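A.B. asks: build the 3D model from these lines:
(one chain, ligands or ions: 1)
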Amino acid sequence: MEASDAWKVRWDASTLPMAKTFMQVACRKQSLVCLAADRYTMAELFDLLEAVGSSIAALKTHVDLVDDWDQTEWARFCALAQEMDLLIFEDRKFADIGKISRKQMGGIYNIQAWSDLVTAHLISGPDIVDGLQAAWKDSSREGGVLLLAQMSSRGNLLNPNYTSTVVEAGRSHPGVFGFIGNGSDADSVRELRTMVGDEKMIWTPGVNLATGDGEMGQRYGDPYEAVMAGSDCIIVGSGIHGAKDPAAAAKAYAEASWKALLER
Ligand code: 5BU
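C.D. replies: You can find the predicted model right below:
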């Protein structure tokens with residue numbers, strides 16, 4: 001199926017090449033799943049990616065979680081993700097002023113050299129987006145920023161007023177790929193979609209086929225409901241890597257998300 005047919009209004013309204021790339025990958029994979037690859041060794045990361053790579057459209061990393069992180073192994077891991085037709089998304093949640101965030105894209109992990117997407121808070125003001133974009137430019141690469149407009153964890157401080165301020169500032173910025181929404185609550189995602197309009201992406205963590213409360217304040221909503229409410233990508237960690245059969249679980253999330261997109 002053509003991406004324009006599957007995504008309709010999102011495809012037509014979208015202005016960013018990276019968003020179009022994601023929509024095409026999602027179509028090839030028939031999956032709106034981003035795997036939250038929260039594993040702590042390189043070997044576990046490779047095993048997980050090999051098991052589920054064919055059912056996901058993006059790979060979300062926390063590069064600083066890996067106990068035996070090593071530059072060469074990481075480059076190999078990213079190469080495997082690219083071979084598997086995945087966008088690579090470092091969920092770094094940058095928050096500092098623009099010039100420091102730019103430098104934090106470098107450093108030992110050199111996030112700017114391998115990430116297609118990163119997350120950022122807008123708490124320090126809009127220059128953070130320019131700083132992150134400048135870092136990708138320093139590596140002659142393109143990337144997109146997902147701004148945290150909502151979070152999935154209980155008691156978070158991103159209240160509706162904050163959410164609308166972030167959306168207002170991010171909506172028209174070409175460096176902003178989209179927004180993180182609270183996948184644990186379909187009504188919140190629906191409200192966010194109304195604010196965001198059709199142009200930008202909404203990606204949602206806090207998604208699990210077993211809905212309800214997770215560990216340490218995490219909350220979970222249903223994957224199908226999240227996409228029906230306006231999420232363009234469900235971010236799933238434990239639902240996949242914590243399952244007895246991660247490959248089968250990834251397939252189930254892919255099917256639920258793809259079905260919802262076609263119905264939406
Ligand atoms: P889980 O195992 O599906 O609960 O993992 C969720 C992932 O999404 C994990 O990597 C978090 O860092 C990430 N996350 C989140 O859970 N909630 C948020 O609001 C944001 C990110 Br932003």
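
A.B. asks: how many neighbours does the residue of the stretch 1-150 of the chain found nearest the ligand have?
C.D. replies: Closest to the ligand within the stretch 1-150 of the chain is A36: 3.7 Å, counting by C-beta to the nearest ligand atom. For the C-beta atoms, the positions are set from N, CA and C on the backbone; glycine is no exception. Applying other C-beta atoms under 10 Å, we find 22 other residues in the vicinity of A36.

A.B. asks: quick one: contacts for it?
C.D. replies: Taking C-beta atoms under 8 Å, 6 or more residues apart in numbering, we find A36 in contact with 60, 91, 205, 235-237, 240-241.

A.B. asks: contacting residues around the nearest residue to G170 once chain neighbours are set aside?
C.D. replies: Computed as C-beta to C-beta, 6 or more residues apart in numbering, the closest residue to G170 that is not its neighbour in sequence is V176, at 4.3 Å. For V176, the contacting residues are 129, 144-147, 170, 200, by C-beta under 8 Å, 6+ apart.

A.B. asks: so which of these comes closest to P17?
C.D. replies: Of all the contacts of V176, P17 sits closest to G144, with 9.1 Å by C-beta to C-beta.

A.B. asks: right, and that closest one touches T119 too?
C.D. replies: No: counting by C-beta atoms under 8 Å, G144 stays clear of T119, with 10.4 Å between them.

A.B. asks: which of the two has more neighbours?
C.D. replies: Higher neighbour count among G144 and T119: G144, with 27 against 22, using other C-beta under 10 Å.

A.B. asks: what about the closest residue to the more buried one other than its chain neighbours, how many neighbours?
C.D. replies: Using C-beta to C-beta, 6+ apart and skipping the chain neighbours, the partner closest in space to G144 is F177 (2.8 Å). F177: 26 surrounding residues under other C-beta under 10 Å.

A.B. asks: CA atoms only for the helix or strand where F177 lies, dumped as PDB, please.
C.D. replies: For F177, the host element (DSSP states H and E) is strand 176-180. Provided in PDB are the C-alpha atoms of strand 176-180 (Å, rounded to 0.1, in the frame of the first residue of the first chain):
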ATOM      1  CA  VAL A 176      10.300  19.900  15.200                       C
ATOM      2  CA  PHE A 177       9.300  16.500  13.900                       C
ATOM      3  CA  GLY A 178       6.500  16.200  16.400                       C
ATOM      4  CA  PHE A 179       5.400  15.800  20.000                       C
ATOM      5  CA  ILE A 180       5.400  13.100  22.700                       C
END
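
A.B. asks: and after that strand, which helix or strand comes next?
C.D. replies: Taking DSSP H and E, what comes next after strand 176-180 is helix 186-196.

A.B. asks: all strands of the stretch 151-264 of the chain, in order?
C.D. replies: Secondary structure of the stretch 151-264 of the chain by DSSP state E, counting those that start in this stretch: the strands cover 176-180, 201-204, 212-213, 219-220, 233-236.

A.B. asks: list the strands paired with the strand holding F177, with their directions.
C.D. replies: As defined by DSSP bridges, the strand partners of strand 176-180 come to strand 144-148 (parallel), strand 201-204 (parallel).

A.B. asks: relative to S257, which of those is closest?
C.D. replies: For these, the distance to S257 is smallest for strand 201-204, at 10.4 Å, taking C-beta to C-beta.

A.B. asks: is that closest one anywhere near the ligand?
C.D. replies: No: if you take C-beta under 6 Å from any ligand atom as the test, strand 201-204 misses the ligand, and the best it gets is 8.5 Å.

A.B. asks: quick check: end-to-end length of stretch 91-101?
C.D. replies: End-to-end distance for stretch 91-101: 13 Å, by C-alpha to C-alpha, to the nearest Å.
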